[in-house]
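Participant: sequence first, predicted coordinates after that:
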Amino acid sequence: MTKQSIIQLNHICAAYERKKVLEDINLTVYEKDFLGVIGPNGGGKTTLIKIILGLLHPISGDIRFYHEGKEVQEISMGYLPQYSSIDKKFPISVYDVVLSGLNRQKALLRSFTAQQHEQVKNVIARMGLEGLEKRAIGELSGGQLQRALLGRALVSDPQVVILDEPNTYIDKRFEAKLYSLLEEINKERAIILVSHDIGTVLQNVKSIACVNGTLDYHPDTEIPAEWLEEHFGCPIELLGHGDLPHRVLKCHHHD
Ligand SMILES: Nc1ncnc2c1ncn2[C@@H]1O[C@H](COP(=O)(O)OP(=O)(O)OP(=O)(O)O)[C@@H](O)[C@H]1O
């Protein structure tokens, strides 16, 4: 069976004022894909996500969306932003954070429907946040906040879930659970995962986009060690995941 594309980026260039950040990017995301986006600091990973989400317009190139093989205007996307971009002091409860994930589906000037409130309750239960519905986000642990925001990303039942650096929420206990939850979610929808943590990415994703101004796509998790060394400029620990898990510690010297 051929894989159906859902997102296609063609020759995308992106810039902030005059500074070019992404150059001639081509990328296809497939149905039920699990795409890892890796790359060094400032390489343009978040910019790529902003382009996909429509939050930033490319200076050239185009982005197309597909549903069941047909081109459509847009597809539904859920987004978990970077921890550093969250205003933890914002006075909003867990329930309202999750509910805000349905804003785009709410009819203008209408209240949320009973069914939408039911969706919120179901997601809160799935995220293990029952009992915390009324708690302000500023009073949550990193892991609880992450689950509330993941609930917000999932509540609309989107076709793609995009997670920007989910491992910066600093809750090691939840991390293993997060990845088994993502595996579950991936049975029904595509996931795009941005992360610095190459080992975790390689263990969990199906395909990889290496971003550093330009984009190198790998349809599997075999990334040439040369790319990692050249673009990260520091020793990289690779965690293999064949039949026998193994670690390869790449070591090199700076001049
Ligand atoms: N709003 C902005 N205005 C101007 N420059 C920006 C803006 N956002 C990002 N940049 C610059 O664009 C480049 C790419 O940033 P981006 O956040 O996409 O990289 P990243 O790979 O996600 O980095 P990190 O891993 O640190 O999150 C960086 O040099 C950054 O300083």
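Facilitator: The structure has been received and is ready for your questions.

Participant: contacts, neighbours, all on C-alpha from now
Facilitator: Noted.

Participant: show me the strands in the stretch 1-150 of the chain, by range?
Facilitator: Remark: strands assigned in the stretch 1-150 of the chain by DSSP state E, counting those that start in this stretch are 5-16, 19-30, 34-38, 60-67, 70-72, 77-80.

Participant: so for this structure, the centremost residue is which one?
Facilitator: residue 163 (2.2 Å; Cα atoms, centre = their mean).

Participant: quick one, phi/psi of that one?
Facilitator: phi -120, psi 120 (degrees, to the nearest 10).

Participant: wait, it touches residue 81, no?
Facilitator: Yes - between residue 163 and residue 81 there is a contact under Cα atoms under 8 Å: 6.5 Å.

Participant: now residue 63, nearest residue through space, not along the chain?
Facilitator: Take residue 63 and drop its neighbours on the chain: the residue closest to it by Cα to Cα, 6 or more residues apart in numbering is residue 9, 4.5 Å away.

Participant: quick one, what contacts that neighbour?
Facilitator: 25, 26, 27, 28, 61, 62, 63, 64 (Cα atoms under 8 Å, 6 or more residues apart in numbering).

Participant: and which of the residues you listed is nearest the ligand?
Facilitator: The closest of the contacts of residue 9 to the ligand turns out to be residue 25 (Cα to the nearest ligand atom; 13.2 Å).

Participant: give me the pLDDT for that closest one.
Facilitator: Note for residue 25: predicted pLDDT of 96.

Participant: just residue 167 next, same as before
Facilitator: The predicted local confidence for residue 167 is 77.

Participant: distance of the closest residue to the ligand within the stretch 101-250 of the chain from residue 99?
Facilitator: Per Cα to the nearest ligand atom, residue 196 is where the stretch 101-250 of the chain lies closest to the ligand, at 6.7 Å. Going from residue 196 to residue 99 by Cα to Cα, to the nearest Å gives 29 Å.

Participant: which one's more surrounded, these two?
Facilitator: residue 99 (23 against 19; other Cα atoms under 10 Å).

Participant: what average pLDDT does stretch 194-213 get?
Facilitator: What stretch 194-213 shows for mean pLDDT is 85.

Participant: good, wrapping up.
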